[in-house]
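J.: Build me a model:
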Amino acid sequence: MATITKRDLVIRISNKTGLTQQEVFNVVQTLIDEVTTSLASNEDVVLRNFGAFQVAKTKPKIGRNPNKPDAVVPIPARAVVKFKPGKELKEKVAKVLPELETND
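T.: Below you'll find the predicted structure:
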């Protein structure tokens, strides 16, 4: 499976749009910064046809150290980012492995 980096995205977008790589990088970085700032302010970020980022709270729980099974490790509640893909993204990804397609 290939990995696409931010630099790869910048190059692809630059080639498609004719904008310079620096201009594209600035837009991509600004998008990332704004999404991060919004989530840090407990605001949902919805990108139509792509998906939604939301902040969710996890409950506190008790963990175990595999090396010391009788040692109890308290894990505090914390905020995590959840991503829910949009309909169009789900449909396109489902085509990658049709045998995994579910009828939602």
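J.: In contact with residue 16, which residues?
T.: Residues in contact with residue 16 (C-beta atoms under 8 Å, 6 or more residues apart in numbering): none are found. C-beta coordinates here come from the backbone N, C-alpha and C atoms, glycine included.
J.: Residue 38 is in contact with residue 81, correct?
T.: No - taking C-beta atoms under 8 Å as the definition, residue 81 is not a contact partner of residue 38, at 10.8 Å.
J.: Remind me which helix or strand the residue most central in space within the chain belongs to.
T.: In the chain, the centroid-proximal residue (C-alpha atoms, centre = their mean) is residue 83; its distance is 5.6 Å. Assessed by DSSP states H and E, residue 83 sits inside strand 78-85.
J.: Quick check: next helix or strand after the lengthiest helix in the chain?
T.: The single longest helix within the chain, with elements called by DSSP state H, is helix 21-40. Next along the chain after helix 21-40, taking DSSP H and E as the criterion, comes strand 45-47.
J.: Can you give me the buried ones in that next one?
T.: By 16 or more other C-beta atoms under 10 Å, the buried positions in strand 45-47 come out as residue 45.
J.: so the very next helix or strand once past it versus strand 78-85, what angle?
T.: Remark: after strand 45-47, the chain's next helix or strand is strand 51-58, criterion DSSP H and E. On the basis of axes from the mean of the first three to the mean of the last three C-alpha atoms, to 10 degrees, strand 51-58 is oriented at 150 degrees to strand 78-85.
J.: Run through the neighbouring helices and strands of the next helix or strand after strand 51-58.
T.: For strand 51-58, the following helix or strand on the C-terminal side (DSSP H and E) is strand 61-65. Helices and strands touching strand 61-65, by 3 or more C-beta pairs under 8 Å, 6 or more residues apart in numbering; DSSP states H and E, are strand 68-75.
J.: what lines up beside the strand it packs on in the sheet?
T.: Paired neighbours of strand 68-75 in the sheet (DSSP bridges): strand 61-65 (antiparallel).
J.: What mean pLDDT does the partner strand get?
T.: Taken as a whole, strand 61-65 has an average pLDDT of 90.
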